[in-house]
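Enquirer: test case, fold it:
(chains A and B)
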Amino acid sequence: MHGRPRKAYKPEEEAASAAKAVKLRSLQSQFMSNHHHKIYTKEAIDLSTKLLEINPEAYTAWNYRKLAVEDTLSRTESNPDLVKSILDEELKVVESALRQNFKSYGAWHHRKWVLSKSHSSVGNELRLLDKFQTLDSRNFHAWNYRRFVVELTNRSKQDELKYTEDMICKDFSNYSAWHNRSVLLSSLLARKADGFTPNEKIPEEYKLVHDAIFTDEDDQSGWFYHLWLLDQTVNVETPLLTSSWPPHGSRINLSGAGCLKKLTTFCSESGSFPLVLYFDKAVVGVSSSTVRIDSELKGNDDLVWEPVSNKNAQVSCVWVARVKYMSSEPCVPKEYTVKVRIGNSPGIVSSRGCNFSAPYELVFTAHVHDTVQEVPQEAIVSWMDGFDIWDAQSEDLNNLVNLDQSNTQMDSKWRQETIAEEIDLFRELSDSKIGKLTLARLLMAKAMISENGVKGVHYEEILELYNDLMALDSSHYHYYKDEHSVALLRKVTSSNESLSGHLFRYRDLNNSVCLRLNNLSLSRIASVEKFLFVQMLDLSHNELHSTEGLEAMQLLSCLNLSHNRIRSFSALDSLRHLKQLRVLDVSHNHIGEHTVDTTRYLCSSPLSNSEWTQDEAGRQVPSLVTKYWDAYFVLRDLNLKQLDVAGNVIAGDEFSSFVRQVVPQLVWLDGQKLGS
Amino acid sequence: MTDPLPPYPPLDPTTYDLIIVGTGVPSSILAAAASSSGNSVLHLDPNAFYGSHFASLSLPDLSSFLHSNSLSPLLPQSECHDFLSVNLVNRSLYASVEISAFEPDILEEHSRRFNVDLCGPRAVFCADESINLMLKSGSNNYVEFKSVDASFVGDSSGEVRSVPDSRAAIFKDKSLALLEKSQLMKFFKLVQAHLAEHDEATVKIREEDMESPFVEFLSKMCLPPKIKSIILYGIAMLDYDQDNAETLLKTNEGIDRLALYITSIGRFSNALGALMYPIYGQGELPQAFCRRAAVKGCIYVLRMTVTALLLDKETGGYKGVRLASGQEIFSQKLVLDPCISVGLESLSSLTDQQKETLRVLVPKAISKKEKIARGICIIRGSVKADISNALVVYPPKSLFPEQLTAVRVLQLGSGLAVCPPDMHVLYLSTLCDDDDQGKTALLSAMSTLIRPQVPENLQTDSVAENDNTEAKPVVLWRALYVQELVKGEFGGSISTTSSPDGNLSYNETVESAVKLYEQLMGSEELFKEETPQENTKEDNDSDGVELED
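Expert: Model (predicted):
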C-alpha cells in the first residue's frame, strides 16, 4: 500500500523471522524433492499449500500445483463434482496466499490459470476483487485481474466504466482507474456502442478530468488521462494520407541531367522518379494491388512499393515506388498524366489494425523533356554561394506543396471546438510547469486540426511556452527542446509565405530546390511530409543528434549537417534510404568523441562479418572496417560524390583512406578533389 | 420519577478523596481520570439517568427534564452539631421551553425508540479531544460511532451546498467552478503544509498573517465569498459574523479550527468524513467514561440529591455533603454540576471565610449571560434526499438580514438508533443574547428545511401550490429552549463543571475538564498507565467507525 512507513524490527520480531526462515527452508527442501520426483499425493500437495501460505512468492510451488492439478484431473476427468472441488481448493489456496501478499504475481497468475480451466466459480471473483480493491484501490494486480474476469464473465463494459468512475470519485489519484477507463472507452468508442460517439463522450471525459486537474494540479494521474484525451481528440484511428510526391495537381518536369530551364525540374540518373506516399501513421499493405497507377508511362503496372523505415521493414509511414519514364525504348517528350488511386481495394492497415478507408485519387502531370545522357556531377557543391532567392510570387510553390490532405477527412468541428475550450481553460493554469506544457500541447493540437490558412495559430506563443519550460525545468530540457523544434518547423511550414523565406534555388545544380533551415537550434527534425520536394537541405548550425525522419525525402541529393551534435555514423542510418544523396556534409560534429556509442545496438551487428567480408573494402582493409563499422554500414549504401567529415574526432588520415576504400566513387573529401 | 423509591442503604465508606455530583461529560471524565489514578471517588446524580445535561432521553423524559426547575425543595437549615450546614439549590439552566407535539399518537406508539440529546446539535470530530481521551482511557470500548455522511452550508437563496472539505469532495462537487476548486485545494494545501511537523522547506503562513483577522487572510488568499463562507462557518464552525469587526477571529485560531477538521478527515480508515456520532446518542459518551470509572472503583449512586454542604465551623473549610437520604459523606474535594448553587438567603449569614470556600457556588447575577437557543424536531422524511445523517450550517445573515450568529442543524437517522425508521431527529442551535432572538433564528432555519403541520382543510391547496418543489419533511414534534452557558470554575476544595457549551464538538469541554483535573489533582497526567486494548475485531462488515490509535 502507498504511504505507509516501514517500522524497524524489534529483536523479538527478528527472532520470529529467523524461526520462520528455518521452517521455510525445511518446507522448501521437502517440497523440491517432491517436485523432482513428481509426487502428487495429497500429503505432497498439502505441503506445497503450507509453503505457499508462508511464502506466496514461491513460483515453483505454483507451477508444481499446476502439474499436480493436471495430474489429478487426468485421472478424474469424468466426475464434474470432483473437478470442481479440486479447482475450488486451488482458488482457496490462492486466496489465502493473496491475503498474505496481494501483490504476488505467482498467486494472481495461478488464479487466472485455474479460472481458465473452469468458469464455474467466476461469480465469486468480482466479490473477492472488491475486497482487495477496497484494501488498496490502486493495486494494479487487482485491476489487471479485474479486466481478465470481466472478459471471462462478459460483464458489460458500461458497468465497468461506471466502476472506474466510482473509484475515481473515492480517490482520483489512481492511475489504474484512469487507465482502465481509457481502455474501456477506447473499446466502446471503437465498436460504436450505444451512446458512445467521440463527439459526445470525449467532451464529457474532459469535464471529468478537469475536476481532477483543477482540484489538485500536482497530482499527475489526471494529467495523464488528459493527455490521452487530447490524443483521442487530435488523432483518428484510421490511417490517413498526409502528403505525397508528386503532389496532387502538380506538374513535374522530368529529364536527364543538364537541364537549364528555370523550372522545377527533377533530374534523374536512372530514368525513373520516386513516387512517395506519406501516411499519418505507420501502415502495412501498400502494394500494386492497393495503389493503382493509371498512366501512359509504360512499364509501371506492377510497381514495387517499399517501406521507408529504419525499424520495422514491413510497417512504415512512408512508402516509395520508382516510376519509370525512360525504359528501354525512349518515350516521346510530352506531357503524361499520371493517376494514382490509393485504397480502393482494402489492404492498407495501420499497425493497430485500422483500415485505410478513405480512398484517395491523386493526379499529376509529368513532362518528359528529353533523354540526354547523364553527365556525371563533378563540381564541388558549396553551401556558401550560388543560391538564388525564391521568387515568392512564383506559382511553383503551390505546385510543389499541397499542405495537408488529411484534415478534410476528419469530422473536425467538435474537435476544433473542444480544443478551443481547452485552450481557454488551461490558460488559467499556465503558471505551473504541467499547465504550460499542456497549453503548448493544446495550441499545437489546434494548429494540427485547423484547416489550411486558418489564422490564430499561435506558434509564437507555443515557442515562448517551450522556452519558459526549458528555463524552468532543466531535467526535461531535451524533451522541451525537441518539442520546440517541432513547433518551429511547423511554423516554417504553416504557410507558403513563411516556407518561401527558407527556400532557394541552387544555380549550379539545375536550379535545385534548396531548403535552408540552418541556425535555428533545431534538435529534432519534423514536418518532413511538407519537404518531400526538397533536393538540397541545409541543416547546418543546429543541435541535431540524428537524421531520423529525413528518410522520407526521396529527392534529396545534397545534405548539410555541419555544426550539429551528431555523435556517430549510426545516427545517420536513416540516410541509407536516400538513393539520390550525392553530397553530405557532417563536418564539425561529435563523431568519434564518445568511444562507447550507445546507439550502436540500433544497427546491424558488426559481428556478422559474413556481410562485409565479401565486398571490396571488407577484403582490402578488414581492420579498418572493424574499427569504423558504423561508418562502413552507412557509407557503403550511399552513392556519395562529396563528403565532409572535418572537425570530427574521427577525421584523420586513417579514416580518409577508409572512406576512399568504402566509397570509391567519391570525388570530393573535405574539400579536396581526390586523385584517381 | 414520582414512584416512591425504596430508601437507599447507607453508603459505606463515608469518606472519599473526591465527591462528584452530576454525570455530565466533564464530571464523568473527572471521575474516570481520578479513579484510574487511584483516588476514591463517589459519583452522584440526582437524576435517574446518566449524563445530566449531556444525556440522551426519551421524549417524555426530555420534556420533564427541561420543565423541571428546582429539584430540591428548600429545606430548613438543618441541625448539625459538628459542622455548619449550607443548603444547596438546583436551578434550571433552561428557559423559554416550548414543546409541541403535532402527531402525538405516532410519537406515543414509538415513544421508547427515541434517544434525544439535551445538548444537541453535537457531533464528534474524529480528531476531537474527546476521542483522544476515550482511546487513552479505554472507554472507547463502550461506544460505537458512525460517520456523519455529509455537511452543507446554506445560503440566502435557500439553497444548501455541500461542504467540499477534502480532495475527493472538491473533486466531486458540482457547484464549484474549476478555478474555485483549484483555489480551495491550494488553500487546504497551504494549511496542511503549515501544520506539517517538519518546518524546513515547506511553505508557512507568515507571522503577521497569523495575527491578522482570519477573514482578511482568506481574502488575501483570493478565495471568493462563497468559499470563504464555507470555510468560516462550515469547516471552522464559527458562530459570529466575521463581517462584523467586533467578533473577528484571528488567523491562528482559525487555522487551529481548520487543523481539527483536516486532521479528522482520514484519521480512521473507515470514517467517511470529519464528523462522527455515537450510536444511541450523545448520552453514551458520559456513560462510557462512567463505566470506565466504575471499573476503576468509582462508586455510583443515581437518584441521589445533595441537599447541603458541610463546612468546618471554625475554619469555614469544606468537609462534606449531606445527601437527600440524610447521610453525611466526607471528602477532600467536591465537584458540582453547574446547576447547583447556594441559596442567596443562606449567603447573608456566612462569614468571609465560608464565602471564600463557597465562592464558585454563588450565582453571578450581574455579568451578562451568554445563552444558546436549542431546538429539536422529530420529522418524517429527510431534509436531504438519500442522506440520513447530515450537518447543515446557516451562516450569519443567510436566513434573514438580522441573523447575528450561525445556526447549525444536525439531522440524525434511525441508523444511529436515535429514532424509529422513516423519521429523523433534527437538532438546531444558535448563540444568542436574548431568548426571542435565538428562537427567531431557529424557527427561520426550521421553516427553510421542513414543512409545518398544515390544518386538514388547507392541506390540498398547499400541496397543489408546492407541486413542483421538492417534498420537504413534515414536523411531528418540536422543542425549543434556551440554555444558559455556564463555565466551570476551580475553587480549591469546591469546584464546578461547565454546562454544555455552544460548540458542535466536545473539544473545549474536554480541555476545560482536563484543566480542572490538573488543578484538582496536581499536574498528574490523565490515564497515563492505561494501555488501550488491542482491537481484535476482524472483517468488520458494519459501517461503524472503528477507532484505532
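Enquirer: could you pull out the strands for the stretch 101-250 of chain B?
Expert: In the stretch 101-250 of chain B, the strands defined using DSSP state E, counting those that start in this stretch lie at B:116-117, B:124-125, B:145-147, B:150-154, B:160-162.
Enquirer: turn those into a markdown table, columns for mean pLDDT.
Expert: A markdown table is the format used below for these (pLDDT from 0 to 100):
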| stretch | mean pLDDT |
| --- | --- |
| strand B:116-117 | 96 |
| strand B:124-125 | 94 |
| strand B:145-147 | 93 |
| strand B:150-154 | 92 |
| strand B:160-162 | 88 |
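Enquirer: pick the most deeply packed of those.
Expert: Comparing the strands of the stretch 101-250 of chain B on average neighbours per residue, with mean count of other CB atoms under 10 Å in any protein chain shown, the densest one is strand B:116-117 at a mean of 26. C-betas here are computed from N, CA, C, even on glycine.
Enquirer: so what strands line up beside that strand?
Expert: With DSSP bridges as the test, strand B:116-117 is paired with strand B:56-57 (antiparallel).
Enquirer: which residues touch the strand it pairs with?
Expert: B:49, B:65, B:115-118, B:280-284, B:418 (CB atoms under 8 Å, 6 or more residues apart in numbering or on different chains).
Enquirer: how about stretch B:282-290?
Expert: Stretch B:282-290 has contacts (CB under 8 Å, 6+ apart) with B:23-25, B:27-29, B:31-32, B:43, B:49-52, B:54-57, B:115, B:117, B:119-120, B:122, B:124, B:130, B:134, B:137, B:139-143, B:278, B:298, B:300, B:506.
Enquirer: show me these that map onto helices.
Expert: B:25, B:27-29, B:31-32, B:130, B:134, B:137 (DSSP state H).
Enquirer: mind checking the SS state of the residue of the stretch 301-450 of chain B found nearest chain A?
Expert: Distances between the stretch 301-450 of chain B and chain A by CB to the nearest CB are smallest at residue B:386, namely 15.1 Å. Following DSSP: H, G, I helix; E, B strand; the rest coil, residue B:386 is assigned to coil.
Enquirer: number of residues surrounding it?
Expert: 7 (other CB atoms under 10 Å in any protein chain shown).
Enquirer: got it, and residue A:184?
Expert: Other residues near residue A:184 number 21, with proximity taken as other CB under 10 Å.
Enquirer: helices or strands up against the helix or strand in which it is found?
Expert: Assigning secondary structure by DSSP states H and E places residue A:184 in helix A:175-190. Secondary-structure packing of helix A:175-190 (3 or more CB pairs under 8 Å, 6 or more residues apart in numbering or on different chains; DSSP states H and E): helix A:140-153, helix A:157-170, helix A:198-215, helix A:220-234.
Enquirer: the first one vs helix A:175-190, what angle?
Expert: It refers to helix A:140-153. If you take axes from the mean of the first three to the mean of the last three CA atoms, to 10 degrees, helix A:140-153 sits at 30 degrees to helix A:175-190.
Enquirer: so what's the closest residue to chain B within the stretch 301-450 of chain A scoring on pLDDT?
Expert: For the stretch 301-450 of chain A and chain B, the shortest gap (CB to the nearest CB) falls at residue A:428, measuring 5.8 Å. With respect to pLDDT, residue A:428 has a value of 87.
Enquirer: swap in residue A:77?
Expert: Residue A:77 is given a pLDDT of 68.
Enquirer: what's the distance between stretch A:466-474 and the middle of its chain?
Expert: 25 Å (CA atoms, centre = their mean, to the nearest Å).
Enquirer: hang on, the earlier thing: now a ChimeraX select for only the buried ones of the contacts of strand B:56-57.
Expert: Here is the ChimeraX command that selects only those of these that count as buried (16 or more other CB atoms under 10 Å in any protein chain shown):
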select /B:49,65,115,116,117,118,281,282,283,284,418
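Enquirer: residue A:417: which of the contacts of strand B:56-57 is nearest?
Expert: Of all those, residue B:418 has the smallest distance to residue A:417: 52.5 Å, by CB to CB.
Enquirer: without its sequence neighbours, what residue ends up closest to residue 429?
Expert: Looking at chain A here, since you left the chain open. Of all residues beyond its chain neighbours, the one nearest residue A:429 is residue A:435 (3.5 Å), with distances taken as CB to CB, 6 or more residues apart in numbering or on different chains.
Enquirer: wrong one, chain B
Expert: Among residues not flanking residue B:429 along the chain, residue B:374 sits closest, at 4.8 Å (CB to CB, 6+ apart).
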